[in-house]
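**Q** structure here, sequence nowhere to be found:
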């Protein structure tokens, strides 16, 4: 293998930009790390390795700790390995670099694919952001974990990276525009987090495919349905896409259609592609598992949940002062709080996974108040066991920030107005 480090490319003027602008031959066994491609636009295709692929083979090429940042790509395709794959074969390739487009068309492996991509993985962040004022926020669109636009073939592909854009967001592909008899993809897994502002009000987001310009055939494509509210494709379920529970995806049992010659299944971890098992980003993607209870989801947590443990894996929450806290390093603990949202963060080898979480506690019945004249004791009771009472003596409405008790209390002498609520941990 060969390694190129410290590559810097100015992408302001060239039609095709990358280590190679346009490629008509074969490239194999090449690593690019600690590199940067920066530009204000004007180019048609940009990739760390190559801008435009006509019909060659790219085999066993890896990108790490690198960043593409194109501010105003008027017609550009920006991808981790390649910008535009015309008829080529991209095989056994890996991206852990960050892809940022200032207008549209960002993909983890390739932006536009009309060829074949197989046995490839993205662990890098892929996004469309308003880098400058050239394009209005409402015009920004299209990011995919593996590809942005797909007319070709995808097989044995895995995304663990964060994918985001104002609209058209897919865990594997942002949008498909091939033909209705075509297999859009097969043997695919997405466990990366997604975000969209839904600026088109069309729900063009999916854990597998964002927008379906054409409805092709989807085969054996899996995602963790407990990580988000998003469905398979274009805001809905789609045949061939399977939203599994976290427990099912991390059971260690092989998934139908995922060949064990390429895929590895280990209990307590997400499925991995064997080719990239030793990559730090791949390890982070497999290990960063929050074990949600079967009937809950990241946005509707009712009880404490277990967090995966591994050497070097660190869990935290962004706020940590309200509904959630990480206890003992391996438990996301819930408690009563006025703010019921937070962000759960997994960090491993410099890779970060952020999971927005929300508590949806069960309703606690209104407590009753009993007063003992002899002892001057107020006793609170509730139909639900194990609650904590929050009370006031001045007639104001109590909150979970008010004085709390689980025992009888003794009010001050004189005329008072007692108000009380109850809350229960978990």
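**A** Sure thing, it's come through. What you see is a predicted model; the values in this text were computed from it and never measured. Numbering: from 1, shown residues only.

**Q** residue 89: what's it in contact with?
**A** 56-59, 115-116, 118 (C-beta atoms under 8 Å, 6 or more residues apart in numbering). C-betas here are computed from N, CA, C, even on glycine.

**Q** surely residue 121 meets residue 274?
**A** No. Under the criterion of C-beta atoms under 8 Å, residue 121 makes no contact with residue 274, lying 10.5 Å away.

**Q** so for these two, which sits in the more crowded spot?
**A** The residue with more neighbours, out of residue 121 and residue 274, is residue 121; 31 against 13, by other C-beta atoms under 10 Å.

**Q** which of the contacts of residue 89 fall in strands?
**A** 57-59, 116, 118 (DSSP state E).

**Q** ok, now how distant is residue 15 from residue 45?
**A** From residue 15 across to residue 45, the span is 8 Å (C-beta to C-beta, to the nearest Å).

**Q** between these two, who's got more neighbours?
**A** For residue 15 against residue 45, the residue with the higher neighbour count under other C-beta under 10 Å is residue 45, and the figures read 30 against 13.

**Q** wait, doesn't the more buried one sit right on residue 76?
**A** Yes. Counting by C-beta under 8 Å, residue 45 does reach residue 76; the two are 6.4 Å apart.

**Q** shared neighbours of those two, anything?
**A** Taking C-beta under 8 Å, 6+ apart as the contact criterion, the residues that touch both residue 45 and residue 76 are 83, 111.

**Q** who wins on neighbours among the ones in strands among the contacts of residue 89?
**A** Most neighbours among those, by other C-beta under 10 Å: residue 58, with 30 neighbours.

**Q** tally of neighbours for residue 399?
**A** Applying the criterion other C-beta under 10 Å, we find 13 residues in the vicinity of residue 399.

**Q** now residue 376
**A** Residues within reach of residue 376, counting by other C-beta under 10 Å, total 13.

**Q** do the same with residue 128
**A** Number of residues near residue 128 (other C-beta under 10 Å) recorded here: 30.

**Q** any idea how far residue 365 is from it?
**A** As it turns out, when the distance is counted by C-beta to C-beta, residue 128 lies 48 Å from residue 365.

**Q** my reading is that residue 242 lies in a strand. Confirm?
**A** Yes. Membership of residue 242 in a strand is supported by DSSP: H, G, I helix; E, B strand; the rest coil.

**Q** excluding chain neighbours, what is closest to it?
**A** Among residues not flanking residue 242 along the chain, residue 222 sits closest, at 5.0 Å (C-beta to C-beta, 6 or more residues apart in numbering).

**Q** verify the stated contact: that neighbour with residue 245.
**A** No. Between residue 222 and residue 245 there is no contact under C-beta under 8 Å: 11.1 Å.

**Q** beta partners for the residue nearest to residue 242?
**A** The residues paired with residue 222 through beta bridges, assigned by DSSP bridges, are residue 189, residue 242.

**Q** that one: how many residues sit nearby?
**A** Around residue 222 there are 26 residues (other C-beta under 10 Å).

**Q** mean confidence for stretch 148-165?
**A** What stretch 148-165 shows for mean pLDDT is 97.

**Q** any idea how far the spatially most central residue of the chain lies from residue 238?
**A** In the chain, the C-alpha closest to the average C-alpha coordinate belongs to residue 193, at a distance of 0.7 Å (C-alpha atoms, centre = their mean). The spacing between residue 193 and residue 238, counted by C-beta to C-beta, is 20 Å.

**Q** quick one on the thing from earlier: the residue nearest to the centre of the chain and residue 162 touch, don't they?
**A** Yes. With contact taken as C-beta under 8 Å, residue 193 and residue 162 are classed as touching, separated by 5.0 Å.

**Q** is the nearest residue in space to residue 195 that is not next to it in sequence bridged to anything, and to what?
**A** Taking C-beta to C-beta, 6+ apart as the measure, residue 195 lies nearest to residue 164, with 4.0 Å between them; neighbours along the chain are not counted. Judged by DSSP bridges, the bridge partners of residue 164 are residue 127, residue 195.

**Q** quick one: neighbours of residue 164, just the number.
**A** Residues contacting residue 164 under the criterion other C-beta under 10 Å number 20.

**Q** hey, where'd the strands end up in the stretch 201-350 of the chain?
**A** Using DSSP state E, counting those that start in this stretch, the strands of the stretch 201-350 of the chain run over residues 205-206, 209-212, 217-218, 221-224, 241-244, 263-264, 272-273, 290-291, 305-307, 314-317, 324-327, 331-334, 341-348.

**Q** tabulate these (JSON lines), appending mean pLDDT.
**A** Conversion of the strands of the stretch 201-350 of the chain to JSON lines gives the following (pLDDT from 0 to 100):
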{"stretch": "strand 205-206", "mean pLDDT": "96"}
{"stretch": "strand 209-212", "mean pLDDT": "96"}
{"stretch": "strand 217-218", "mean pLDDT": "98"}
{"stretch": "strand 221-224", "mean pLDDT": "98"}
{"stretch": "strand 241-244", "mean pLDDT": "98"}
{"stretch": "strand 263-264", "mean pLDDT": "98"}
{"stretch": "strand 272-273", "mean pLDDT": "98"}
{"stretch": "strand 290-291", "mean pLDDT": "98"}
{"stretch": "strand 305-307", "mean pLDDT": "96"}
{"stretch": "strand 314-317", "mean pLDDT": "97"}
{"stretch": "strand 324-327", "mean pLDDT": "92"}
{"stretch": "strand 331-334", "mean pLDDT": "91"}
{"stretch": "strand 341-348", "mean pLDDT": "96"}
